[in-house]
Each structure stands twice: as structure tokens, then as C-alpha cells.
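Undergrad: What follows is a predicted protein model with its sequence.
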Amino acid sequence: MKKSSPLHRVRLVEPKGHIVRDCPGTKNHICCGLKIIDMIEGCVLFCSYCVLRTYLNSSEIKAVNDIRYIISQIDAEIENEPNQVMRFCTGELSDSLALDRILRLNVPLIEFFGTRRRAILELKSKWAYIDHLLPYLNRYTVISFSVAPEKIIKNEEKRTSPLRKRLLALKKAIDVGLYVGLHFDPIIIYPGFEKDYGALIDDIARTIDLKRVIWVSLGALRFPRSLFRVLLEEKRKNLFFGEFILGEDGKMRYLKAQRINAYKHIYECLKEKDSDLFIYLCMERPFVWKSVTGEDITKNADLICKFDERVRSFYGGEI
Amino acid sequence: MKEHGDLVYVDISDVDLTDNTYTISFPHDDPRLEWYIGKTRLITPVLLLAGKPLKVIDGLRRIRYASKLELEAVPAYVLSVEPYRALMIAILANIARGLNIVEKAHAIAKMCEFGFSDDEIFELMGFFGLGRSQKIKSLCIKIASEEETIKFYFCQNSLSMKTIGYFFDLTEESRKKLLNFLQNKKITESSLREFLELVLLAEVKFGDIPFSTFEQAQTIDEAKFLLKKEVSPSISALCTEFFGILGMIKLPNTTKIKVDPFFEKEEMEISILAKSVEDVDLALKKLQVALGRGYFEKIFALTQGKISRA
């Protein structure tokens, strides 16, 4: 193995306890009810703003070596919630695709969801390589990419795929019959961000069929207090144009009025392209929801219900 | 080589009093020690490294004060050890009295100079409660090579490594300028850290530290307030407007209206501390007037991020 290979830092570990868990959510913020599969812990992409930088104690990447153990837990979760269309994602403590060409952990999951046909697997990434998955992909997997203006990708997401490649990978997924997701997360405020995000949305609309986008999330930049210090030390000017406050969850986030302004702009740009797009806010307050979308989303169940409707409208009776 | 010397009396003239090779003590002067030696003329035995001249492993201040008092000899153990062992002895001999942050930094920096391995250095750092990171090790080296006045400020205010770290995110010039501003200002560790964070944020945002904004401030809190206005103008405007509204309501001191400091929660807390029916009556009347004049609507608007007088 070459020394530069990311594999020299990956350790396969025996699974312990709950690998599948609820998204931790945040008090007084609306959570979409996504289920998290902690199959890999750690990431090779090293985005500057990533919470993993201070959340994980080690630079080592741990990957669970027993996929059957994970699948049995997913299956149990699906059984426990017969009335809800559950959504599972592997991209919380890692990137869903960045290491998969080497580790090949996604294929058995994709196959399981394709056979089970009761829930959706979301592979959320900034790494635009899905060719190894193409023979296995089925419509119960949603490939989704975080998207950001090229300026942010170049400066803050240095090891990730460029925007163009991400969009082409989404197109490839759509071409084999998949629905895809888009995550405007983190949204970063800087002088001229409105124009750049507008151009980003133009690029997206030019490259992929928005009718195949099952969901779009908007999430403004937020990070733990400890990372604030690191980002200051690294003098990451791009990340500090907005004004930060300490939220109820102990995370630094933009001042509410600035978040609303940014969300509104992106929301409206997206809706202009396709008014049917399903756009949700990631971890936001009911007041922010109302200000941006006009909708009364006051508790997690309201959003989960909207997700159920959206998924059923895409899959009909096939889920 | 004989490691353990016997207790002997050594002529001070045989000792190199200018050599700091093994010295980690800071500050270099210790008036209490000088006073004690002056009063008692008693010197706790020092540790010297064999050679011509003898070098001080531990006790440089004691010998200097003895010399100042014109004593001719001091009790000493003269050790024949390798330099790296002499350094270890110097550090360990001082640990028992409790080292300040600069002395800990000196110890780590000297271990680096002497070529100790990372494992050995990290072991001592762990013992000092500094953690075991390369970052803190580098910070120790920076502290050790700082000017005396700056080191003295760190010691005098018993600053933690975390807070000192902020100073070293600044350029040397800015650090000096900032420490000059901080001299003679009352601080707490947390207020200083908040201030430094604002300074760094301003530097990142504007490319330079806006010294002119706060250099006339009399207190650290005033400096923080002025800096906040620069780096967080919207939050400052919300605060100004909120306190302006409170000023107009003119509540009695026992009645409080609070919102969260970042105007994130869309709520306010109203409390009345009453010692009599009259207190309750007065508070309610004031609140009733405020309600009638629309002040609560204005406060709620602030909690929703709406600034009318930015």
C-alpha cells in the first residue's frame, strides 16, 4: 500500500452497541428525524468548518467490519416504525462515499434497502465517485451531495470534489433511475454570497433534472465553540463575515436575522427554478421556518410528516 | 562519573553566576527569598554541576542573593552528571514547590533544546497538567523565548495556557501593543479571554486589529463593548435598542425584563420582586403603561431580529 493512501489511517473495528441511532437533534430546533448509521467514524476530506475536527479525538478512521450486524439494527428500526417511511444516512460522522471505493461498505446496504423496500438509504457526500456502485444502485438509495459556491469549495473544502463533478455524479445517479438530494449545508455568508448562490443554483438547474430531486436541505454554518477557536487561529476570513451567536445547543451560528436572510434568498432562487421542490431547513427554529417558508413547522413530527408525504408522492405504493 | 556529590561548602567565586543553562525559575527575582536569606543568612544547599567553573543546576537565585550579601561560600551538592541528567534534576528539584506557567514553559523548552524525545517531554507535560500535544509544546517554546515583561504579565495574572495561546495568535507587534494596553487593567481570566477572542475576530474580519477603537477604554469591559460594536454591529444594535426601550419604560429596580443575550429566543422574561402590595401595584402600572405604548411589541420585534434603529 502506498503511504499516501488514505487506507493507512483506517482501522476496521468490531461493532459495539447501537450503530444505528436517531439524529441527536437540538432543543427548540426542528429535526427531520433522519436515522444515522455510524458505520464509519472520521473523514479524509478535512473540510475547515467540519465538526469532526474537534468532535473526534483521533485522526484515525474507524470502520465497522460487520455489515450484517449493522443491517440487523437497521431492520429492527424499520420494524419498530411501521407507519413511517424511515430515512437512513451514513454521512454523519463521515462522508458516505469518500472511502467507499476502497472499503466497499455501501454495496450490501444498497442491496438490503433495495430488497426491503420499506425505507430509504441516503448516501450524503462531497466526494463525486459513484461508478463502483452503479451496478447495484436501486431507487431505494438516494445519492445526495452537499453543494456550495466554487469559492467555498476551493478554500474550505479543499480535498473534496469540485462542484462540476458533484453535479455530474448526481446526473449519473439520475440517469440510472435514482432520486437525488441536495444539501446547501453549510450556507456561508460573505460579501456577494447571494450572487454566488444564485449562480450555483443556475448551475444545478442546468445540469440535473430538478424533478428528480427528492429533497433539498438548507443549513447555515454552525459549529461547536471549540471549533470557533480553531477557525480563528487559522484566520478563516471566509467563515467570519457573518455575526455569530452562541445558540441554545452550545453551537456557534449566525445571528437569526442573517440566517433568515440567507435562507430566504436561496429558498426563493430554488423555488424560482422549480416551485415543486421540497426544501427543508436543517436544525432551525419554528420562527425561522415561518419566516422563510411561511409554514408552521412547530415540532419534529410536523417535518417528519412532510417527509413522509414527499417520499410517498415519489414512490407511490412501492414503499 | 560520580552522580551523587557530598554536601560541601563551595566558594561562590568558583560558581558561574551568569549561566542559565539549567535555570527554569521565573521571575528571576524573588523578594521573599532575598528577604529570608538576608534575615537568616541561611542557604538551603544548592545543586551544582562539577566543572570549572561550577554551573548551577538548582539554586541560582539563592547563590546570587548570598553573593549580594557578600557571603563567601554556600552549602552545595556538586554532581558529576551528563547535561541532560542535570536538566532533569533541575526540573524535578523545582517541581515540589509548584511551578508557574512560565516555569513550566521554560522546563519544556529546555527539554526540547537538550534533545529529549517527544515521549519524555509529553510525560512531563502530562505531569504539569498541560496535556500531551505538539501544539502546547510549541506554545511553551514561544513563551520561553518571550520578553521578560510579557512573561511577567502571564505570571502575575496566573493565566492558563489556553488564554496565553490567544496572545500567540497575534503578531509580535500586536502582542506587545495589546499587552501595553492591558497593563494596569483589572482582568479576570474569562473577561480577558473574551476580549482576546474579539480582538482575534476583528483581526480576521478586518485584516488588522482596530486598536483605535478601544485604546482609550478605561476597563476591559469597556474595551469589549467597543470591540463588539465593530465585529458584531447588528447584535450591538439590538442590544442598544433593547436597553433604549428599557430606559423609556422606566421600570422600578425590582422589576426586570430580560431577553436572551443573542436575541435568539422569541421570548422575554418579566420578573417582579415585591416586598409589599404597593411594589406590586407600581410594577404592574408601569408594565401596563409600557404595554399601552407598544414597548413589548418592540421588544418582541427585536427577538425576531428586527432592528428599527440600527
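TA: Great, that's in hand. These figures come from a predicted structure and were not determined experimentally.
Undergrad: ranges for the strands of the stretch 1-150 of chain B?
TA: Along the stretch 1-150 of chain B, the stretches classed as strands by DSSP state E, counting those that start in this stretch are B:7-11, B:46-49, B:55-58, B:73-79.
Undergrad: What strands line up against the third one, and which way round?
TA: When you say that, I think you mean strand B:55-58. strand B:46-49 (antiparallel) (DSSP bridges).
Undergrad: now the first one
TA: According to DSSP bridges, the neighbouring strands of strand B:7-11, each with its direction, are strand B:73-79 (antiparallel).
Undergrad: Hmm, A:I74 is touching A:R87, no?
TA: No: using Cβ atoms under 8 Å, A:I74 is not in contact with A:R87, being 11.3 Å away. Quick note: C-beta positions are derived from backbone N, CA and C, even for glycine.
Undergrad: residues shared between the contacts of the two?
TA: By Cβ atoms under 8 Å, 6 or more residues apart in numbering or on different chains, A:I74 and A:R87 have these common neighbours: A:35, A:119.
Undergrad: Any regions of the chain where pLDDT drops low?
TA: Defaulting to chain A. The model of chain A has pLDDT under 70 over residues A:1-8.
Undergrad: could you do chain B instead?
TA: Along chain B, the parts satisfying pLDDT under 70 run over B:1-4, B:308-310.
Undergrad: Up against chain A, what does it have?
TA: Chain B comes close to chain A at residues B:169, B:197, B:200-201, B:203-205, B:207, B:231-235, B:262-266, B:304-307, as judged by Cβ under 8 Å from any Cβ of the partner chain.
Undergrad: filter the residues you listed to the buried ones?
TA: Those of those that meet the buried threshold are B:169, B:197, B:200-201, B:203-205, B:231-232, B:234-235, B:262-266, B:304-305, B:307, by 16 or more other Cβ atoms under 10 Å in any protein chain shown.
Undergrad: Show only the entries of the residues you listed found in helices.
TA: B:197, B:200-201, B:203-205, B:231, B:234-235 (DSSP state H).
Undergrad: ok, residue 20 - contacts?
TA: The chain I'm using is chain A. A:35-38, A:70, A:73-74, A:77, A:88.
Undergrad: oops, chain B please
TA: Neighbours of B:N20 in contact, by Cβ under 8 Å, 6+ apart: B:L60.
Undergrad: longest helix in chain A, by residue count?
TA: Max-length helix for chain A by DSSP H is helix A:256-273.
Undergrad: What is the neighbour count of residue 14?
TA: I went with chain A, as the question did not name one. Number of residues near A:E14 (other Cβ atoms under 10 Å in any protein chain shown) recorded here: 8.
Undergrad: I was after chain B.
TA: 14.
Undergrad: roughly how far apart are it and B:L49?
TA: Between B:D14 and B:L49 the computed distance is 12 Å (Cβ to Cβ, to the nearest Å).
Undergrad: For chain A, what's its nearest residue on the stretch 151-300 of chain B.
TA: Here the residue of the stretch 151-300 of chain B nearest chain A is B:F262; by Cβ to the nearest Cβ that distance is 3.5 Å.
Undergrad: if I pick A:P24, what's in contact with it?
TA: Neighbours of A:P24 in contact, by Cβ under 8 Å, 6+ apart: none.
Undergrad: Any residues of chain A in contact with chain B? List them.
TA: Residues of chain A lying near chain B (Cβ under 8 Å from any Cβ): A:28, A:229, A:232-233, A:235-237, A:240-241, A:243-248, A:255-258, A:260, A:285, A:287, A:291.
Undergrad: Can you flag the buried ones in those residues?
TA: Counted by 16+ other Cβ under 10 Å, the residues of chain A next to chain B give A:28, A:229, A:232, A:240-241, A:243-245, A:247, A:255-258, A:260, A:285, A:287, A:291 as buried.
Undergrad: that older thread, now flag whichever of the ones in helices among the buried ones among the residues of chain B next to chain A is closest to A:R159.
TA: If you rank those by distance to A:R159 using Cβ to Cβ, B:V204 comes first, at 22.6 Å.
Undergrad: That closest one against A:R229, yeah?
TA: No: B:V204 lies out of contact with A:R229 (Cβ under 8 Å); the separation is 11.8 Å.
Undergrad: what about the strands in the stretch 151-300 of chain A?
TA: Going by DSSP E, counting those that start in this stretch, the stretch 151-300 of chain A shows strands at A:180-187, A:213-220, A:222-224, A:244-246, A:251-254, A:279-281.
Undergrad: Columns distance to B:P53 on top of the ones you listed, output as a markdown table?
TA: Formatted as a markdown table, these follow (distance: least, Cβ to Cβ, whole Å):
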| stretch | distance to B:P53 |
| --- | --- |
| strand A:180-187 | 63 |
| strand A:213-220 | 67 |
| strand A:222-224 | 55 |
| strand A:244-246 | 58 |
| strand A:251-254 | 57 |
| strand A:279-281 | 74 |
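Undergrad: Of all those strands, which one is nearest A:S58?
TA: strand A:222-224 (17.0 Å).
Undergrad: And for the closest one, what's in contact with it?
TA: Here strand A:222-224 has contacts from A:49, A:51, A:54-55, A:186, A:231, A:247, A:250-254, A:283, using Cβ under 8 Å, 6+ apart.
Undergrad: Tell me which strands it pairs with, and in which orientation.
TA: Here, using DSSP bridges, strand A:222-224 pairs with strand A:251-254 (antiparallel).
Undergrad: B:F206: how many residues sit nearby?
TA: Neighbours around B:F206, by other Cβ under 10 Å: 13.
Undergrad: Next: B:Y65.
TA: Neighbours of B:Y65 using other Cβ under 10 Å come to 21.
Undergrad: Make sure A:T90 is actually in contact with A:F113.
TA: No: counting by Cβ under 8 Å, A:F113 is not a contact partner of A:T90; they are 11.4 Å apart.
Undergrad: Quickly list what's touching both of the two.
TA: Joint contacts of A:T90 and A:F113 (Cβ under 8 Å, 6+ apart) are A:L121.
Undergrad: Next, count neighbours for B:T40.
TA: If we define neighbours as other Cβ under 10 Å, then B:T40 has 8 of them.
Undergrad: what about the helices in the stretch 1-150 of chain B?
TA: Secondary structure of the stretch 1-150 of chain B, counting by DSSP state H, counting those that start in this stretch: helices at B:31-40, B:60-68, B:83-95, B:101-113, B:118-128, B:134-144, B:148-156.
Undergrad: just these: most buried one?
TA: helix B:101-113 (a mean of 23; mean count of other Cβ atoms under 10 Å in any protein chain shown).
Undergrad: orientation of that one relative to helix B:148-156 in degrees?
TA: 120 degrees (axes from the mean of the first three to the mean of the last three Cα atoms, to 10 degrees).
Undergrad: Verify the stated contact: A:C32 with A:C305.
TA: No: in this structure A:C32 lies outside contact range of A:C305 using Cβ under 8 Å: 10.7 Å.
Undergrad: So which of these two has more stuff around it?
TA: A:C32 (18 against 14).
Undergrad: Skipping adjacent residues, who's closest to A:S96 in space?
TA: A:L123 (4.0 Å; Cβ to Cβ, 6 or more residues apart in numbering or on different chains).
Undergrad: What does that neighbour show for phi and psi?
TA: The phi and psi torsions at A:L123 (degrees, to the nearest 10) take the values phi -100, psi 110.
Undergrad: distance of it from chain B?
TA: According to Cβ to the nearest Cβ, to the nearest Å, A:L123 and chain B sit 33 Å apart.
Undergrad: In the sheet, which residues pair with that residue? Tell me.
TA: With DSSP bridges as the rule, A:L123 is bridged to A:I143.
Undergrad: swap in B:L79?
TA: Under the criterion used (DSSP bridges), B:L79 bridges to B:L49.
Undergrad: ok, how many other residues are close to it?
TA: 20.
Undergrad: How about the residue most central in space within chain A, nearest residue that isn't a chain neighbour?
TA: Closest to where the C-alpha atoms of chain A average out (Cα atoms, centre = their mean) is A:K124, at 4.8 Å. Nearest non-adjacent residue to A:K124, counting by Cβ to Cβ, 6+ apart: A:G91, 3.3 Å away.
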